[in-house]
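> Predicted structure and sequence below. I'll ask about it afterward.
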Amino acid sequence: MGDDQAITHTIAVTGATGAVGGRVAARLARKGAAQRLIVRDLNRAPELPEASASMAAYEDARSMERALRGAQTLFLVSATESADRVDRHIAAVDAAVAAGVSRIVYLSFLSAGPAAVFTFARDHFFTEAHIRTTGVEHTFLRPSLYLDLLPRWVDPAGVVRGPAGSGRAAWVSRDDIADVAAEVLLSPGVHDGRTYDLTGPEAVTLGETVRRLSVLTGKTVRYVPETWEEALASRRASGAEEWEIEGWASSYAAIAAGELDTVSPAVPDITGHPAQTIEGFLRRHPSALSHVDT
């Protein structure tokens, strides 16, 4: 991957070994798009037609700039949550601009804001703000909570526990997010300057969510409300750092605050197919709650 390598690919995809980036890369490959997969480990890069791989890390400006040189569009998947995640994002964005990237499609989060209840959503706001200052064309994709991660909210005893109150969320599948991202990436100019909320077809409470999980899987799943203090205390046993514990608990608190009570038509409007429901997801993943003992 030397500096003198002839680079012909125009769409760079980060997170290509991950759940969303990998789905996006696979969709672009099926469409015949030329792409460069930006990965931390070349041995894990998927082998796809019309795709090459370059090794780089967000925080390593030199490797990112070299990996992105010659690309016109960047699909920037947000980094794993960390205390310095915004700094990593800024470094990656600056490297992209230095490499000559002219368009960034960023995977953000619903209701991103400087004072969002969900603390990780604040990271997304500041990343979006920095991208705007660069002058490159951009599109922000703001998904709601991942439907694919819903089973992880259920512990082995069949309990979902947190300070969500009676708030609502419109869970969205990674497949739908990837479908939208691929369409946006393949349509330069059409979506520039736009921000899209990506949600499922309806917003439901956690009580209704677990009721559906129970009916559809035959498992006994319950929602047990917690106060904010109880939520923090129950998660401290994990040994995680305080910023991470607050992030986990605040995802529930954001539901209670109404930050995720949004239903957007963006998935069907952009992809031409309806957004996946909880029922549809479980039909595709019948063993999603296999870890639940009840």
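Done, it's in.
> Tell me how far Gly15 lies from Glu246.
Distance, Gly15 to Glu246, using C-beta to C-beta, to the nearest Å: 24 Å. Where you see a C-beta, it was placed from the backbone N, CA and C, and this is true even at glycine.
> Can you tell me the closest non-neighbouring residue to the spatially most central residue of the chain?
Closest residue to the average C-alpha location of the chain: Leu107 at 5.7 Å, with C-alpha atoms, centre = their mean. Leaving aside its sequence neighbours, Leu107 sits nearest to Val77 (C-beta to C-beta, 6 or more residues apart in numbering; 5.0 Å).
> what ranges do the helices span in the protein?
19-30, 61-68, 85-99, 119-134, 174-185, 206-217, 228-236, 242-256, 266-271, 278-284 (DSSP state H).
> Could you look over those helices and pick the most buried one?
Using mean count of other C-beta atoms under 10 Å, the stretch among the helices of the chain with the largest mean neighbour count is helix 174-185, at a mean of 23.
> contacts for that one?
Defining contact as C-beta atoms under 8 Å, 6 or more residues apart in numbering, one finds that helix 174-185 is touched by 11, 19-20, 23-24, 26-28, 31, 33, 73, 75, 105, 107, 139, 141, 143, 146-148, 190-191, 196, 198, 200, 266-267, 270-271, 273, 275-276.
> still on that earlier bit, my read: the residue nearest to the centre of the chain touches Leu141, true?
Yes - using C-beta atoms under 8 Å, Leu107 makes contact with Leu141 at a distance of 5.4 Å.
> quick one: contacts for Pro143?
The neighbours of Pro143, taking C-beta under 8 Å, 6+ apart as the test, are 107-110, 172, 177, 197-199.
> Correct me if wrong: the residue nearest to Leu107 contacts Gly15.
Yes - at 3.3 Å, Val77 counts as touching Gly15 under the criterion of C-beta under 8 Å.
> Give the bridge partners for Ala51, please.
Gln35 (DSSP bridges).
> Contact partners for it?
Counting by C-beta under 8 Å, 6+ apart, Ala51 touches 9, 25, 28-29, 34-37.
> if I look at Asp123, how far off is Trp171?
21 Å.
> same deal with His273?
Per C-beta to C-beta, His273 is found 17 Å from Trp171.
> So which of the two has more stuff around it?
Neighbour comparison, His273 and Trp171: the larger count goes to Trp171, with 25 against 11 (by other C-beta atoms under 10 Å).
> contacting residues around that one?
Contacts of Trp171 by C-beta under 8 Å, 6+ apart are 144-147, 150, 199-200, 204, 209, 278, 281.
> Please check those residues and keep the buried ones.
144-145, 147, 150, 199-200, 204, 209, 278, 281 (16 or more other C-beta atoms under 10 Å).
> Tell me if I'm right that Pro156 and His291 touch.
Yes - using C-beta under 8 Å, Pro156 is in contact with His291, at 5.7 Å.
> Looking only at neighbour counts, state which of the two leads.
Taking other C-beta under 10 Å, Pro156 and His291 do not tie; His291 has more neighbours (13 against 10).
> so Lys219 sits right up against Arg211, yeah?
No - in this structure Lys219 lies outside contact range of Arg211 using C-beta under 8 Å: 11.6 Å.
> Can you tell me how far the closest residue to Arg222 other than its chain neighbours is from Arg212?
Computed as C-beta to C-beta, 6+ apart, the closest residue to Arg222 that is not its neighbour in sequence is Val159, at 5.4 Å. Going from Val159 to Arg212 by C-beta to C-beta gives 16 Å.
> next one: Asp197
Distance, Asp197 to Arg212, using C-beta to C-beta: 22 Å.
> quick one: low-confidence parts of the stretch 151-294 of the chain?
Within the stretch 151-294 of the chain, no stretch has pLDDT under 70.
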